[in-house]
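Novice: quick one: sequence plus predicted model below, questions after.
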Amino acid sequence: MKRSFFLFLLTTVLFNVQAQKNNTILIEAESFAKKGGWVVDPQFVEEMGSPYLLAHGMGIPVQDAETNIAIKEAGKYYVWVRTENWAPGKWEAPGRFYLSIDGNRLEKVLGDQNQLGWNWEYAGSIKLTNGDKKLSLQDLTGFEGRCDAIYLTLLGNEKPPNEKDVLKKWRLQMNGIPVTPDKVKKYDLVVVGGGIAGCAASIAAAQKGLKVALVEDRPILGGVASGEIRVRTLGGYGKFEKILQAIVNNDYFPNGSNQFLVDDKRRQQNMEKYHNIDIYLNFRAFDAKTENQKIISVDARHTSSGELLRFEAPLFVDCTGDGWIGYWAGAEYMYGREASSKYKEAWDKYGPLWSPETPDSITLGSSIMWSSKNAGKPVGFPKVPWAMEIVKDYAASNGEWDWEFARNDLNQIDDAEAIRDHLLKAIYGSFYNYRQQHNADSLQLEWVPYLSGKRESRRLVGDYIFTFNDVLKDKQFEDAVAFESRHVDIHYEQNLVDTSKPDFLSQVMFFVRNRESEIPYRSLYSKNISNLFMAGRDFSCSHLGLGSARQMRTTGQMGAAVGKAAFLCKKYNANPRDIYTSHLKEYIDLINADAY
Amino acid sequence: MHYYRLCLILFYFLGQFINATAYSQDSLSFCHKAFLLKSEEYAVVDTIKICRNADSIPTRYMANLDMTVCNDGLCAKLVLKMYWDLAGSYMGYDTIQGNPLTKFDHKRFTGGDYEKLNKILKDKNSILGTLENKDLVDKRITKKASTVDAVTGATSKPIKNSVVEGAVYSSYALWHLVYGSVKDSIRAYTLNIYSKQVAKQLLGSDNYDSQLFALKQMSNDDYKTAFPFLFQVLRRSFPFIKAYIISKAPLPFTDKGQNQKFVSLFSELDSYSKSVFIDRITTEKKVAIVFLPLMLPQLQILDSKQLDKCLSAFQKFKIPISQELISKLKAM
Ligand SMILES: Cc1cc2nc3c(=O)[nH]c(=O)nc-3n(C[C@H](O)[C@H](O)[C@H](O)COP(=O)(O)OP(=O)(O)OC[C@H]3O[C@@H](n4cnc5c(N)ncnc54)[C@H](O)[C@@H]3O)c2cc1C
């Protein structure tokens, strides 16, 4: 009853929107012409609907973001802003900001609704004359204020829709964006996700003459290996040393070092040397069109401008880490920890901490590493009451890989924003405590990424599922294409076995393997989507299999192996599976011939 | 008849727990040989003794260790008493008078070093477990001993926190001894003398590994009979053990009071155990129909995910719940 009334209301709004476009304006915050100190955050599009602007100032208010809008009809506009109070409670919200229009600040402080989740906040009304008007966002805190969109309407004070699917349609209509992109790009191979796996896949295919599109939603390549997350490289080169050397060379920097920025440049330059790789930075894929279990195209949207592109190709590689392309295409996937009996992966030394008796939804966690520095003079840092429930009296001045958060009841994709925010609270709270407990009033936050470093989420199912049992049994494969010798590395949250510890620190369990493990080609293409490869942390493996194979270079080896296979697919007009069934010898010979 | 016997066992079990202390401080005179500990690497053949309290109940294992650890021509003698609990978990060590532990160049351990060694040996996950002897020192940086003609490398950087500085090889040898085959041997020995008293001690331990060892010895029937006791264990355990017991709970209990007691646990639980709890009571029909109605008064303290799971289970298993309540809960 309530719902149908809502739909009725909505159709009325839509009708008005279409009929009187000049009366309503929707501005996507990520498309602001000048971002000032705000950053575009595209990590949670599938969760909350859009990239958004984030005031990530580590406790210092960031510079205003500004843009111009054209007012075509003068009058009194009602203004709504889609925001989120990311830590509601009995304190001032952490991420507060103002909106100004045409130099007039709307009275309402934004970002402080007393409820969890994204919603439209009424900012107030303002009389506007015709012509260009400047909109600006004024951050008040530097603590992750967030603005998704701004809606101005002359049509009465009607709150825009917030329910996920309705909002999605409403946005498209308001923005006048076609549901399907009209720009189509055709390639031999489309690689989505420009982490180490995606970069390696692109190079290996390009070296063999394929025309490749590499679609990445960040402004730089490298994924977890990039200067945005700063994780040190481990793992072996296998048969692809040259390719891997070109894209990742971080062994000698400590985690979090700003040397990673240098490596980002080198990677970008090396990638650009391949004229048959078109790199689409800041494009986030959002759909895969499939016919008869085959992907026809992948659609992507620019994270700031909203520009839409459709990518068509006979072959696709999912290197998104989250298995997005597979997910949209309907590929089988796995999530969480399998029961130890499923693939015979039990290890008595750690029992259910290693592998549970019944399946659950625990994954390796996401991390935000961070650092602080001595400013040489006293600097302030505000109180962060909204972080204290999580940190209690825990204090720290920096955070390494073990600042990690995963919970059985939080999904690394559906709850990714809550997970990231939990880690931010952990950092700000622990830093605040450190300054207090050590009288460290010259200590200043130096580097805190707003991107979570994800270790594990969806894993797509291939013809073979690589498991810890393969490691235990030293299994060898005729189609071995990637090789890993580092110990199997699985984590659990420390506070599961020690409640004196906060819930954002993890503990590692190592299994030292006897010999190098082999990863078979059959774990690098989808079982049920005929033209989909996957490489990197979303390849076909069990949770514990990923513990063995997720090292950066190993994910790169997978990518490179897939790139080579794509070449043979093109040569024989074949599907990924056919390479195993009909061209395996040629494939392995090709890898060996090109080795190093 | 059977049921009556069962109850008697249960009462006995409960009574015992209430009187028990976590670790009895038995005198060593109650210790006797259990088996021989052999380590070829360190030429150790020592006797592992099992200790019992005045009531003859086994309480722990101990050994008088006497081993020599040599590297780069430098040797350290390790003479000490080592203690393990009944599941082979390290409990602590004592030095023996006249045999202090020493570091590089025969310097004596400081108080801090003794404490650090204990901390190192308690760390089941130590990085030492992944290393070989050759990885321990950085041979590029050397230091010379003054007392003997030998040179050794500097402690390699990543392991500095995991060893006593100047006693790298000793730390490494002791850690590998503690977490080596002795643990399995102790567990095998314990299983031979396993009894309810042993189980109770292990379940009452504050070492989750030892608790888990005992929980794993329990059959489904044991879970049924011992659950009143397990309620107490559950309450005082870490989240990992709490969740394990919840996942094994023989739900629904035949005793209605126990069902109620189980539900009233919910609000005391941590987030992990809560998620396991909610999964338990929403997955299987025979469990859901008993527990979801009992959860009604607690629905308002659930977070939105827990609530969604419960409400869809109400629907799926056709368990009555008023629309009014649903709307109220959703609005909250
Ligand atoms: C904190 C942390 C510590 C680690 N420590 C180490 C270590 O010490 N050594 C080591 O070798 N490995 C380490 N790892 C593991 C290793 O870094 C990763 O497994 C590996 O880098 C994954 O590479 P990938 O290419 O598969 O995925 P990612 O690096 O995650 O790349 C995926 C890319 O796809 C992009 N993307 C996602 N969705 C879309 C979309 N819809 N459209 C477009 N682009 C999209 C993402 O932005 C990202 O850039 C660590 C990982 C973490 C998180």
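Specialist: That came through fine. No experiment lies behind these values; they were computed from the predicted model shown.

Novice: and the helices in the stretch 251-400 of chain A?
Specialist: Listed in chain order, the helices of the stretch 251-400 of chain A (DSSP state H, counting those that start in this stretch) span A:260-272, A:324-329, A:388-391.

Novice: repeat for the stretch 1-150 of chain B
Specialist: Using DSSP H, counting those that start in this stretch, helices in the stretch 1-150 of chain B cover B:2-19, B:111-122.

Novice: so what touches the shortest one?
Specialist: Among residues not part of helix B:111-122, those counted as contacts by CB atoms under 8 Å, 6 or more residues apart in numbering or on different chains are B:90, B:92-93, B:95, B:101, B:103, B:109, B:126, B:128, B:162-164, B:167, B:171, B:174-175, B:178. For glycine as for every other residue, the C-beta is placed from the backbone atoms N, C-alpha and C.

Novice: can you pull the contacts of the residue of the stretch 201-332 of chain B found nearest the ligand?
Specialist: Nearest residue of the stretch 201-332 of chain B to the ligand, counting by CB to the nearest ligand atom: B:Tyr272, 21.1 Å away. With contact set as CB under 8 Å, 6+ apart, B:Tyr272 has these partners: A:Arg407, A:Asn408, A:Glu493, A:Leu496, B:Pro239, B:Phe240, B:Lys242, B:Ala243.

Novice: what's across from the third one in the sheet?
Specialist: Yep, that's A:Glu493 we're talking about. When bridges are called by DSSP bridges, A:Glu493 pairs up with A:Ser506.

Novice: surely it meets A:Thr499?
Specialist: No. The criterion here is CB atoms under 8 Å, and A:Glu493 misses it with A:Thr499 at 10.9 Å.

Novice: higher neighbour count, these two?
Specialist: Neighbour count, other CB atoms under 10 Å in any protein chain shown: between A:Glu493 and A:Thr499, A:Glu493 has more, with 25 against 14.

Novice: low-confidence ranges in the stretch 101-250 of chain B?
Specialist: Applying pLDDT under 70 to the stretch 101-250 of chain B flags the ranges B:138-158.

Novice: per-domain residue ranges of chain A.
Specialist: A:2-175, A:184-338+A:520-594, A:366-454 (automatic domain parsing).

Novice: swap in chain B?
Specialist: B:18-182, B:218-331.

Novice: need the winner for burial among the helices of the stretch 251-400 of chain A.
Specialist: With neighbours taken as mean count of other CB atoms under 10 Å in any protein chain shown, the helices of the stretch 251-400 of chain A reach their highest mean count in helix A:324-329, at a mean of 25.

Novice: what about the spatially closest residue to B:Cys51 that is not a sequence neighbour, how many residues close to it?
Specialist: Nearest non-adjacent residue to B:Cys51, counting by CB to CB, 6 or more residues apart in numbering or on different chains: B:Cys31, 4.0 Å away. Neighbourhood size, B:Cys31 [other CB under 10 Å]: 19.

Novice: measure B:Met91 to chain A for me?
Specialist: B:Met91 sits 17 Å away from chain A, taking CB to the nearest CB, to the nearest Å as the criterion.

Novice: burial check on that residue, number of neighbours?
Specialist: 18.

Novice: for it, give its distance to B:Ser170.
Specialist: Distance of B:Met91 to B:Ser170, given as CB to CB, to the nearest Å: 19 Å.

Novice: how far away is the nearest residue to A:Asp278 once chain neighbours are set aside from A:Asn85?
Specialist: Spatial nearest neighbour of A:Asp278, chain neighbours left out: A:Ala213 (5.2 Å); criterion: CB to CB, 6+ apart. Remark: distance between A:Ala213 and A:Asn85 (CB to CB) = 39 Å.

Novice: get me the contact residues on chain A for chain B.
Specialist: Contact residues (CB under 8 Å from any CB of the partner chain) of chain A with chain B: A:116, A:351-353, A:357-358, A:360-361, A:407-409, A:487, A:492-493, A:495-499, A:503, A:507-510, A:512.
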